[in-house]
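# Give me a model of this one.
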Amino acid sequence: MPVYGSFANTIRNKHLPGLDKAMRETTKDSLDAIQTLVRKHTPVQTGRLRKSVKTSPVVKTSNKSTGEVYSDLYYAAAVEYGTHAHTIHARPGSALNINGHLVSQVHIRAHRGAHMFHHGAKEFEHGPAEFIAAKNLRRYIN
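Down below sits the predicted model:
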C-alpha cells in the first residue's frame, strides 16, 4: 500500500499532564485536515480516487505521534506522480480493441502528475497546522 503523505508530531518535554492526549489529538486532527485538503486537490473522473484517500490510525511512541494519509488504489501513484510516454503492443497474432478499432499498438502520451498529496500538504503547512496544535494544547494542558 503506497503512502503519499505523513504527519509526525514530536514533543520534547513529556512531563506535562495531558500531553500524550494532546499529541494524539493534534496528530489525528492534522491527518484529518490533510486528508480533506488532499481530497480537494484530487482530480475527479469517477470519484473512486478521491474516496480512497484515507488516514491511518495514530501510532504513539515515547515522544512522537505519527500517522499517514494514503490511497491504496493501484493507479493513485500514476495520478500523483504522472507517467512517461509509452507504447502498448498487442500479443503476437492478436490485436487491441480500441473504441471498436482493432490495432496492433497504442501510443500513450505522457501524463503530468496532479500532485494532490503534495498540494494538500503544502496548503496544510500554510493554513490550519498551527491552529490545530494550539487548540489541542490549550484543551488538554491548561
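# CA atoms for contacts and neighbours, from now on please.
OK.
# Residue 33: what's it in contact with?
Residue 33 makes contacts with 124, 128, as judged by C-alpha atoms under 8 Å, 6 or more residues apart in numbering.
# Wasn't it part of a helix?
Yes - secondary structure assignment (DSSP: H, G, I helix; E, B strand; the rest coil) places residue 33 inside a helix.
# Quick check, pLDDT for it.
Looking at residue 33, its pLDDT reads 88.
# again, but for residue 16
So residue 16 comes in at 64 (pLDDT).
# Equivalent analysis for the one 3 residues further on, please.
The model reports residue 19 with a pLDDT of 74.
# One more: the one 4 residues further on?
Residue 23 carries a pLDDT value of 81.
# and it, what element?
Residue 23 belongs to helix 19-41 when elements are defined using DSSP states H and E.
# now the helices for the chain?
Listed from the start of the chain, the chain has helices (DSSP state H) covering 19-41, 48-52, 76-81, 116-125, 129-141.
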